[in-house]
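A.B. asks: give me a 3D structure for the following:
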Amino acid sequence: MRQVFRKIPVYTGDVSGVCSALFELGGMVVMHDPSGCNSTYNTHDEIRWYDHDSLIFLSGLNDTDAMLGNDEKLIRDITEAARIYSPSFIAIANSPIPYIVGMDFDAITRIIEKETGIPSFYISTNGMHDYTRGAGLAFLQIAKRFAGVFAEPESEIVQRNNNEREIKKYKEKDRKDFSDDKNRTGSGKIRVNLLGMTPLDFYAPSTEQSLRKKLASAGIEIVSNWAMDQDMVSDGRDSSSSISPISTDRNLTEDRTEAEELVHAPKGGAESSADTPENGFSGHSNDNRYNQQLSDICRSASADVNLLLSSTGLPAAEYMKERFGIPFVAGIPACGTEELYFEAVRTAAETGENQFPFRERKAAAADGPDEKKLPVCLIGEPVVMTSLAASVQTLTGVPTHVFGMTEEGRGEPAGSCLFLGGNDFAPAGEEELNAQLRNITGQNEGDASVLHAAESEIGVIADPCYEDAVPQGYKIIRLPHLAFSGRIFLREIPDLMDESVVSRLQSFLSGRDRDNGEKNPARN
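C.D. replies: Reported below is the predicted structural model:
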């Protein structure tokens, strides 16, 4: 029972991770579930619902259908919805019930794709994993179906004679392996894809803009964003002040060949029902932002490097490394780490090898960390937290330990994680986390009276909900995480790449603002 969370919440589930990853791409996501998964997702995990809709549906699975099957009903409902809304793709995810009874979702999606002519795929979820697993599988399917496919308008929007609706057609261009082409644009700039960017890890509205500015200052060009336009995050901003999308002029027309349609017009065409909305589904598959994001992803194989901003992008990054020879760099350019980070990007582009600039952080500071100083512990998603650890270590010289709590990237032996170094940990639950924190300070398990001489000075950078999982004497530095505490501390979530984040941490560590930490009562 050591993997059971008794005092702290669990991370957002895999089904919500799927929906979050695909929210802005113009597709239709169907949760095959009675009702609970959808209400959990839009109540706790998705903040874009405030101002923007998305084609996310619930199948309404009932007891009879779960026991006896009735796959035809699911296929019929999805096919009819697809004919009405004309999504760019159809994705099906499921809760534990269909997983247990063993529904053949691969066969169902093949039937749906044949019936509708729309790319359809299954994302294997079961409600027993966290959001990094679900979002990772969703991005992997997008990579398999769309990465390396160039989508350009075949013609202007076609107006039906009966004036029922407009249908935009696309052509599928051939997949091309760019692995041997080191200068894909002729511009000399390094071109990158942003993988693993969702509000679950990057809620602050200024995050994407901060990242774009840093990349632009380093002479790096963005090909595609997987998959969050920060204008979609509700924060009361004037959307007219946002940074414009990257230009669609990719200089990629020379290698294009004749091919088939990528997104077919749904069957029914002019014979569609009279209550079909004109122009399809307004604000979704026909919204320029959605079309632009998926179109950019179709061009993503032209990038030199994938920036793996969170572990949710790992499966897609590994697939694109194998398929297109594109290496990835794991981490974010947090304050103070930009030089090291962009050096890793250049190294990846030159060598074709994956880079983990913040896994072993001794090189993050000019003189290395000061081992005499008390360490700082960081708990959360490992890619982001190792980046912030490097930022703290670079700017303060304080040694750091990262506790990676999410699933994606874990491997064998147990307790290991692709993104973590020798001074880091990947605990399986809150009891292991507590025990490993005690080991750092020399506490014996169950003996709260034996404390490190200056244990109260040790800071833990984590979501406030972790307060009940850390031993006595630790100081919590509040860094809320939407995927962990939901909307409870939403207004406290900072821009993780902004200077103010590190300034707050430095203030705590220097003792100028110790009120930001809270001392926990003794726990057995």
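
A.B. asks: only C-alpha atoms for contact and neighbour calcs from this point on.
C.D. replies: Will do.

A.B. asks: am I right that L215 sits in a helix?
C.D. replies: Yes. Assessed with DSSP: H, G, I helix; E, B strand; the rest coil, L215 lies in a helix.

A.B. asks: so the residue lying closest to it once chain neighbours are set aside is in which element?
C.D. replies: Leaving out its chain neighbours, the residue that sits closest to L215 by Cα to Cα, 6 or more residues apart in numbering is E221, at 7.0 Å. For E221, the host element (DSSP states H and E) is strand 220-226.

A.B. asks: using CSV, write out every CA atom in that strand.
C.D. replies: Written as CSV, here are the backbone C-alpha positions of strand 220-226 (Å, rounded to 0.1, in the frame of the first residue of the first chain):
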residue,chain,number,x,y,z
ILE,A,220,15.7,30.2,-32.8
GLU,A,221,12.6,29.8,-35.0
ILE,A,222,9.5,28.0,-33.9
VAL,A,223,7.9,25.6,-36.3
SER,A,224,5.1,24.2,-34.2
ASN,A,225,3.6,24.4,-30.7
TRP,A,226,2.3,21.1,-29.2
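
A.B. asks: residues contacting the residue nearest to L215?
C.D. replies: 189-192, 215 (Cα atoms under 8 Å, 6 or more residues apart in numbering).

A.B. asks: one more time with 10 Å
C.D. replies: 189-193, 212, 215, 246, 303-304 (Cα atoms under 10 Å, 6 or more residues apart in numbering).

A.B. asks: which among the residues you listed gets closest to I332?
C.D. replies: L215 (10.8 Å; Cα to Cα).

A.B. asks: returning to that earlier point: show me what the strand holding E221 pairs with in its sheet, parallel or antiparallel.
C.D. replies: strand 190-195 (parallel) (DSSP bridges).

A.B. asks: roughly how far out does the strand it pairs with sit from the chain middle?
C.D. replies: Centre-to-centre, strand 190-195 and its host chain are 15 Å apart (Cα atoms, centre = their mean, to the nearest Å).

A.B. asks: which of the residues in it are buried?
C.D. replies: 190-195 (16 or more other Cα atoms under 10 Å).

A.B. asks: try stretch 96-114
C.D. replies: Judged by neighbour count (16+ other Cα under 10 Å), stretch 96-114 contains these buried residues: 97-99, 105, 108-109, 112-113.

A.B. asks: pipe the contacts of E221 into TSV and attach pLDDT and distance to I488 per row.
C.D. replies: Formatted as TSV, those follow (pLDDT from 0 to 100; distance: Cα to Cα, whole Å):
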residue	pLDDT	distance to I488
K189	88	42
I190	95	39
R191	97	37
V192	97	34
N193	97	31
R212	94	28
L215	96	32
I246	24	34
A303	95	38
D304	96	39
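
A.B. asks: same list (those) but as a markdown table, adding distance to G69.
C.D. replies: Output for those, formatted as a markdown table (distance: Cα to Cα, whole Å):
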| residue | distance to G69 |
| --- | --- |
| K189 | 54 |
| I190 | 51 |
| R191 | 47 |
| V192 | 45 |
| N193 | 41 |
| R212 | 48 |
| L215 | 51 |
| I246 | 46 |
| A303 | 44 |
| D304 | 46 |
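
A.B. asks: quick check: of those residues, which lies closest to F403?
C.D. replies: N193 (26.8 Å).

A.B. asks: measure that closest one to Y131 for me?
C.D. replies: According to Cα to Cα, to the nearest Å, N193 stands 21 Å off from Y131.

A.B. asks: D463 contacts R487, doesn't it?
C.D. replies: No. Between D463 and R487 there is no contact, the gap being 11.9 Å when judged by Cα atoms under 10 Å.

A.B. asks: counting neighbours, go ahead and name the busier of those two.
C.D. replies: D463 (22 against 18; other Cα atoms under 10 Å).

A.B. asks: please name the residues that touch that one.
C.D. replies: Here D463 is in contact with 378-380, 476-485, 489, 493 (criterion: Cα under 10 Å, 6+ apart).

A.B. asks: same check on T198?
C.D. replies: Taking Cα under 10 Å, 6+ apart as the test, what T198 contacts is 17, 20-24, 46, 135, 225-230, 309-310, 312-313.

A.B. asks: do G380 as well
C.D. replies: Contacts of G380 by Cα under 10 Å, 6+ apart are 11, 201, 386, 402-406, 426, 461-463, 466, 479-481, 483-484.

A.B. asks: at 6 Å instead, please
C.D. replies: 404-405 (Cα atoms under 6 Å, 6 or more residues apart in numbering).

A.B. asks: okay, and the beta partners of it?
C.D. replies: G404.

A.B. asks: after whichever helix or strand Q293 is part of, which helix or strand is next?
C.D. replies: For Q293, the host element (DSSP H and E) is helix 288-298. Later in the chain than helix 288-298, the nearest helix or strand by DSSP H and E is strand 305-308.

A.B. asks: redo the buried residues of strand 190-195 as CSV? Include distance to V470.
C.D. replies: Output for those, formatted as CSV (distance: Cα to Cα, whole Å):
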residue, distance to V470
I190, 42
R191, 42
V192, 38
N193, 37
L194, 33
L195, 32
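
A.B. asks: work out the gap between stretch 61-72 and the centre of the chain.
C.D. replies: With Cα atoms, centre = their mean, you get 32 Å for stretch 61-72.

A.B. asks: and stretch 486-497, by the same measure?
C.D. replies: On Cα atoms, centre = their mean, the centre of stretch 486-497 falls 16 Å from that of its chain.

A.B. asks: show me what it is in contact with.
C.D. replies: Residues from elsewhere that reach stretch 486-497, judged by Cα under 6 Å, 6+ apart: 44, 204, 207, 334-335, 480.

A.B. asks: can you tell me which of these is closest to E360?
C.D. replies: The closest of these, once distances to E360 are taken by Cα to Cα, is A334, at 15.7 Å.

A.B. asks: which SS class is that closest one?
C.D. replies: Relying on three-state DSSP, one would call A334 coil.

A.B. asks: the nearest residue to it once chain neighbours are set aside in helix, strand or coil?
C.D. replies: Excluding its sequence neighbours, the residue lying closest to A334 (Cα to Cα, 6+ apart) is M497, at 4.5 Å. Put simply, M497 is coil when judged by three-state DSSP.

A.B. asks: number of residues surrounding M497?
C.D. replies: M497 has 27 nearby residues by other Cα under 10 Å.

A.B. asks: what do you get for T64?
C.D. replies: 9.

A.B. asks: host element of it?
C.D. replies: Secondary structure (DSSP H and E) places T64 in helix 63-68.

A.B. asks: can you pull out the helices in the stretch 401-524 of the chain?
C.D. replies: With helices called from DSSP state H, counting those that start in this stretch, the stretch 401-524 of the chain shows them at 430-441, 482-485, 499-509.
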